[in-house]
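Colleague: Sequence first, then the predicted structure, then my questions.
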Amino acid sequence: MLYEACKAAAGWDDTIAVAVNVSPVQFRLANLASSVARILKETGVDATRLELEITEAALLKDRTTTLSTLQQLKTMGVRVVMDDFGTGYSSLSNLSSFAFDKIKIDRSFIAAMSNDDGARAIVRAIVGLGRSLGFPVSAEGIETVEQYRMIMDEGCAQVQGLLFGGPGALEAASGKVPTQVVLKPRRMKRSVG
């Protein structure tokens with residue numbers, strides 16, 4: 001999957017990043033960093049355009065190997081994103097122990113924001129935490145204009161979800177992926193992934 005994603009991204013504008021989910025099992029493989037380096041070289045994609053998304057489950061076993069892999073990836077320039085933040089085994093210590101480049105708010109909080117003040121407070125707290133730590137924060141699962149406006153009101157500048165487009169063939173995205181999506185009256189950036 002990583003090879004196919006990078007191969008497709010090689011045909012995109014150099015300003016567009018590609019995000020790929022990596023399972024906890026894959027992340028613990030000793031050769032993950034060397035495999036990523038090989039794929040980037042074969043496809044010609046600059047490492048800074050690649051975002052690898054991992055959940056906190058990847059951090060629970062063998063922290064030494066995980067830290068080593070993270071460091072190797074970051075040395076290459078690959079960005080590492082904590083996916084589904086706020087669910088499962090979320091720990092604030094993981095944000096300072098592991099060198100993440102972005103936090104992604106889990107879609108379950110986005111879905112509940114319009115009728116659950118607690119969910120909205122959690123989203124606000126995650127955005128504030130990211131800002132305080134210098135991490136960009138992205139909200140996933142934006143499906144309605146109302147959700148988009150609510151997340152923008154909370155100060156989260158990066159979003160993704162079906163409101164902006166659904167999954168499609170990689171070939172259809174080549175060279176046609178917008179770097180901006182306009183929803184009147186606001187503008188926002190869109191990352192692919």
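Modeller: Yep, it's here.

Colleague: residues making contact with the lengthiest strand in the chain?
Modeller: Scanning the chain for the strand with the most residues, using DSSP state E, yields strand 79-85. Contacts of strand 79-85 with the rest of the structure, by Cβ atoms under 8 Å, 6 or more residues apart in numbering, involve 17, 19, 21, 48, 50-56, 70, 73-74, 94-95, 98-106, 126, 138, 140. Quick note: C-beta positions are derived from backbone N, CA and C, even for glycine.

Colleague: swap in stretch 134-149?
Modeller: With contacts defined as Cβ under 8 Å, 6+ apart, stretch 134-149 is touched by 81, 83, 95, 100-108, 110-111, 113-114, 123, 126-127, 129-131, 151, 156-164, 183, 186, 188, 191.

Colleague: Tell me the buried residues within these.
Modeller: Using 16 or more other Cβ atoms under 10 Å as the burial test, these include 81, 83, 95, 100-107, 110-111, 113, 123, 126-127, 129-130, 151, 156, 158-161, 163, 188, 191 as buried.

Colleague: In strands only, show me the contacts of strand 79-85.
Modeller: Short answer: the contacts of strand 79-85 in strands (DSSP E) are 19, 21, 50-54, 102-105, 138, 140.

Colleague: any low-confidence regions in the protein?
Modeller: Applying pLDDT under 70 to the chain flags residues 58-60, 87-97, 167-193.
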